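Peer 1: need coordinates for the below:
(one chain, ligands or ions: 2)
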Amino acid sequence: MISLHGLTKVFPGGVHALDGIDLTVADGEFFALLGPSGCGKTTLLRTIAGLETPTSGTIRINEQDVTTLPPGRRDVAMVFQDYAIFPHMNVTDNIAYPLRIKKVPRAERTTKAADVAATLSLTELLHRRPGQLSGGQQQRVALARAIACHPTVFLFDEPLSNLDARLRLEARTFLKRLQRDLAVTTVFVTHDQAEALALADRIAVMSQGRMIQVGTPSDIFQRPATTFVASFIGSTPMNLLPGTVTGGALHVAGAVLPTTLPDGQDILYGVRPEYTDLSTTERPDAFPGTVAVLENLGTATLVTLETDSRFIQVVVPEGAEPPLGTPGWAVPRQNRALLYHDGQLIS
Ligand SMILES: Nc1ncnc2c1ncn2[C@@H]1O[C@H](COP(=O)(O)OP(=O)(O)OP(=O)(O)O)[C@@H](O)[C@H]1O
Ligand SMILES: [Mg+2]
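Peer 2: Ligands and ions are numbered 1, 2, ... in the order given. Here you go, the predicted structure:
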């Protein structure tokens, strides 16, 4: 549906915003682009939309090479990070604008705009101008405008970033349902990993203009391919502890664990706090430490154990918090552990 081949974008001044992107997004797929600020997410969307010309590479939409086509001939609708709605038009005219470009008669476009506005709770605001709307309301107008024009492809650049936490969750569910119903191929940019995990059929994690890992939310969460992805994904970062194999066993942060790796091998041992249990008695397969911090997560508590020079985090169920300052042992669930060497997942 959308296929990108060898896409690069070098801005004047030598910034490599995109560095050899190869990607295929399937028909009707909800695809999320996730990555830290400045990694090239907006540039990639703008390039797909035709607002930036790639330095090299090709873009196909529905088998058609659109690399040199102007934005108006690509049948994509983009919602921008800064909304870009027209300040001199009221909400109805903003939403109906793409229909006006398509020469849809006035009465029909007003009805359509009102329908879409209703699904986004904008009915009361149809006569207002953007200057009279909050940031979250402007963002919904921008979404409504994209939806009203029924494109082949939606490109969303952090479309929920200006909504408050509750509205953001509602809008997320709404967007997911809408995308299912319309089955429009969607590329969705976010730097919120929870949003990407919740919404996407597949996720690409980007860093410095490259795709580090592409996979389903569970691939990315359960088996991050690199330590960069491992530390980026998850509401609490993965524990990543250096270890060495000696005498046929893996020695990590005071624990001795079984391994099939050869002696002398250095690794980083990765295990999520959610997949680590807390023991109040000593055991050889656990990381010893002292309870240093307790953070309330609502239905659970994040416990930080301090050992010589590092911290290990464990999620314990509500009511099972250990007292501060007491000794504790973090027991990794070994079937959930991941081993990294030189930043790459090895097992
Ligand atoms: N017009 C431009 N000229 C020069 N450099 C640019 C231009 N636009 C973006 N860049 C640079 O390209 C890189 C990627 O920028 P981009 O806006 O795509 O990042 P992003 O992933 O969308 O970040 P954010 O999460 O902050 O929105 C950055 O280093 C940025 O400074
Ligand atoms: Mg951006």
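
Peer 1: what sits against Thr259?
Peer 2: Contacts for Thr259 (Cβ atoms under 8 Å, 6 or more residues apart in numbering) come out as 245, 248-250. In this view, the C-beta of every residue, glycine as well, is placed from N, C-alpha and C.

Peer 1: taking those residues together, which two end up most distant?
Peer 2: Distances among the contacts of Thr259 were taken as Cβ to Cβ; the most separated pair is Gly248 and Leu250, at 9.1 Å.

Peer 1: compare those two (neighbour count), which wins?
Peer 2: Neighbour totals were compared for Gly248 and Leu250, and Leu250 leads with 20 against 11 (other Cβ atoms under 10 Å).

Peer 1: which residues does the more buried one contact?
Peer 2: Per Cβ under 8 Å, 6+ apart, neighbours of Leu250: 243-244, 256-259, 261, 267, 269.

Peer 1: repeat that for 6 Å
Peer 2: The contact partners of Leu250, by Cβ atoms under 6 Å, 6 or more residues apart in numbering, come to 243, 257, 259.

Peer 1: what sits closest to it if chain neighbours are left out?
Peer 2: Leaving aside its chain neighbours, Leu250 sits nearest to Thr259 (4.0 Å; criterion: Cβ to Cβ, 6 or more residues apart in numbering).

Peer 1: quick one on the thing from earlier: out of the contacts of Leu250, name the ones that lie in strands.
Peer 2: Cross-referencing these against strands under DSSP state E gives 243, 257.

Peer 1: mind putting the contacts of Leu250 into JSON lines with distance to ligand 1 and pLDDT?
Peer 2: Formatted as JSON lines, the contacts of Leu250 follow (distance: Cβ to the nearest ligand atom, whole Å; pLDDT from 0 to 100):
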{"residue": "Gly243", "distance to ligand 1": "34", "pLDDT": "96"}
{"residue": "Leu257", "distance to ligand 1": "38", "pLDDT": "95"}
{"residue": "Thr259", "distance to ligand 1": "38", "pLDDT": "93"}
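
Peer 1: how about the helices in the stretch 51-200 of the chain?
Peer 2: Along the stretch 51-200 of the chain, the stretches classed as helices by DSSP state H, counting those that start in this stretch are 91-101, 106-119, 135-148, 165-182, 193-199.

Peer 1: buried residues in the longest one?
Peer 2: Judged by neighbour count using 16 or more other Cβ atoms under 10 Å, the buried positions of helix 165-182 are 167-168, 171-172, 174-176, 178-179.

Peer 1: nearest to Val229 among those?
Peer 2: Taking Cβ to Cβ as the measure, Val229 lies nearest Arg172 of the buried residues of helix 165-182, at 21.9 Å.

Peer 1: Ala204 versus that closest one, what's the distance?
Peer 2: Distance of Arg172 to Ala204, computed by Cβ to Cβ, to the nearest Å: 19 Å.

Peer 1: quick one on the thing from earlier: of all the helices of the stretch 51-200 of the chain, which one is nearest ligand 1?
Peer 2: Minimum separation from ligand 1 across the helices of the stretch 51-200 of the chain (Cβ to the nearest ligand atom) falls at helix 193-199, 12.7 Å.
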